[in-house]
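Dropping the sequence and predicted coords here.
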Amino acid sequence: MKFIELFAGIGAFRLGLERTGHECVWANEWLERPRSIYARNFGEQPDGRDIRNVSAGDIPSADLLVGGFPCATFSVAGKRTGFSLDDTRGTLAFEMFRLAHEKSIPYLLFENVKGLLNHDGGRTFEIILEVLDGLGYDCQWELLDSQNFGVPQHRERIFLIGHLRGKPRPKVFPIGRASRSDDETNSQERKGREGFFSDISPTLDAHYYKGGNARQYVVQTESRRDKEMRTYTDGVVPTLTAQMGTGGGNVPYVKPVEENLRIRKLTPLECERLQGLPDGWTELYHDGRRVSDSERYERCGRTITIPVVEAIGRRLHEFY
């Protein structure tokens, strides 16, 4: 599929989808620093305009529109303003839907925080579905946890696919092992106005986007023979956030496994690996300048887990 990437960040959707054989034909990211990291890795700058100033005539034809629109307004740790005139980040979702409709793009895919499902008692998600329904898109979605896709990070995100009526109907979800203890798959479909999602997932930790889980620690041991450094974690680490390294929040329990140990914070490189990114993906800007550690932590905390995108990308091949 030829796809357009909105709210591109450092290019997680592009990386995962291109790894599975899809082709990015246009991208947009208005923030300078992630756009520069993107350019370093892909060799081209995304369009830097505010998405509200982009018209359908400005973008090429495509089969799929993807993006992770800003999620702070839906997170339980934020103000949860949702679609508020006082905080327009929430309304950017509709800019994505507008472009898909005006360009008659058959399929769209977005990612957002788990809190989107229960924001305002579920009404925010209901509004999204109603808008997409009115634009001619039927929807299916699933809450996916990164730890079920080969990375040791508990990171639950909602992924939704919309497809224009009259086009081949994908059956992408359910795709992942359920993250709930009863093993019931947390996935749903929406065709027209039928069967709205009613099983609301539990609320995220209150410190999710305010430095919660910001101190991820590992145990490190130094071999006396060859000074080889090895790291250990006690199971799956909590969700990486944009505030990694700023302090505060819960510290995962670390079980000592050998003598001569010390406890330290995760490095930016390890955070990249927890998101499935190639080593050094966030290390440099396009002009060769080094990215600060604080910025690297933020980029890792805001991006999408690559193996999850790859799994979705493989499913898209099954019907297209």
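In hand now; what should we look at?

Which of the helices and strands in the protein ranks last by mean pLDDT?
None of the helices or strands of the chain scores lower by mean pLDDT, DSSP states H and E than strand 229-232, at a mean of 40.

where does residue 4 fall, phi/psi-wise?
With angles defined as degrees, to the nearest 10, residue 4 sits at phi -110, psi 140.

Please give the number of neighbouring residues around it.
Using other Cβ atoms under 10 Å, residue 4 has 28 neighbouring residues. The C-beta positions use only the backbone N, C-alpha and C, and glycine is treated the same way.

Distance of it relative to residue 99?
Counting by Cβ to Cβ, to the nearest Å, the gap from residue 4 to residue 99 is 8 Å.

who touches both of those two?
Contact criterion Cβ atoms under 8 Å, 6 or more residues apart in numbering; residues shared by residue 4 and residue 99: 59, 65, 105.

which sections of this structure are below the confidence cut-off?
71-90, 176-234, 236-237, 242-262, 320 (pLDDT under 70).

Surely residue 144 is within a helix?
No: Residue 144 is assigned strand when assessed by DSSP: H, G, I helix; E, B strand; the rest coil, not a helix.

Residue numbering should commence at 47 henceforth.
Taking 47 as the first residue, the last one we looked at is residue 190.

quick one: it and residue 221 touch, right?
Yes: with contacts counted by Cβ atoms under 8 Å, residue 190 reaches residue 221, the gap being 7.0 Å.

Looking only at neighbour counts, state which of the two leads.
A direct count of neighbours by other Cβ under 10 Å for residue 190 and residue 221 places residue 190 higher, at 28 against 18.

hey, what's the more buried one bridged with?
Here residue 190 sits in beta bridges with residue 203, as judged by DSSP bridges.

Could you do residue 336 as well?
Where residue 336 sits in a bridge, its partners, by DSSP bridges, are residue 330.

still on that earlier bit, among the shared contacts of residue 50 and residue 145, which lie within strands?
residue 111 (DSSP state E).

In a markdown table, list the shared contacts of residue 50 and residue 145 along with neighbour count and distance to residue 363.
Output for the shared contacts of residue 50 and residue 145, formatted as a markdown table (neighbours: other Cβ atoms under 10 Å; distance: Cβ to Cβ, whole Å):
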| residue | neighbour count | distance to residue 363 |
| --- | --- | --- |
| 105 | 20 | 23 |
| 111 | 24 | 18 |
| 151 | 22 | 18 |
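
nearest to residue 61, of the shared contacts of residue 50 and residue 145?
Set against residue 61, the nearest of those by Cβ to Cβ is residue 111 (16.9 Å).

Now do the contacts for the closest one.
Neighbours of residue 111 in contact, by Cβ under 8 Å, 6+ apart: 49-50, 52, 142, 145-146, 149, 151, 153-155.

List just the nearest of those residues to residue 354.
Among the contacts of residue 111, and counting by Cβ to Cβ, the member closest to residue 354 is residue 155, at 11.5 Å.

Number of residues surrounding that closest one?
Counted by other Cβ under 10 Å, the residues lying close to residue 155 total 23.

cool, and the one 3 residues further on?
Residues lying near residue 158 (other Cβ under 10 Å) number 23.

and if you look at residue 214?
Neighbours of residue 214 (other Cβ under 10 Å): 10.

Isn't it up against residue 184?
No: taking contacts as Cβ under 8 Å, residue 214 lies outside contact range of residue 184: 11.8 Å.

partner residues bridging the closest residue to residue 151 other than its chain neighbours?
Leaving aside its sequence neighbours, residue 151 sits nearest to residue 111 (Cβ to Cβ, 6 or more residues apart in numbering; 4.8 Å). Following DSSP bridges, residue 111 is listed with bridge partners residue 50, residue 154.

roughly how far apart are residue 111 and residue 214?
16 Å.

just residue 86 next, same as before
Separation of residue 86 from residue 214 (Cβ to Cβ): 36 Å.

cool, and residue 92?
Distance from residue 92 to residue 214, by Cβ to Cβ: 29 Å.

Over to residue 166?
34 Å.

sec struct for residue 310, please.
With three-state DSSP as the criterion, residue 310 reads strand.

Does residue 84 touch residue 73 like I think?
Yes: look at residue 84 against residue 73 with Cβ under 8 Å: they come within range, at 7.3 Å.

which neighbours do these two share?
With Cβ under 8 Å, 6+ apart, residue 84 and residue 73 have common neighbours 54, 57, 92.

Report the contact partners of the nearest residue to the last one once chain neighbours are set aside.
Closest residue to residue 92 in three dimensions, ignoring its sequence neighbours and counting by Cβ to Cβ, 6+ apart: residue 73, at 3.9 Å. By Cβ under 8 Å, 6+ apart, residue 73 lies in contact with 50-52, 54, 57, 60, 84, 92-93.
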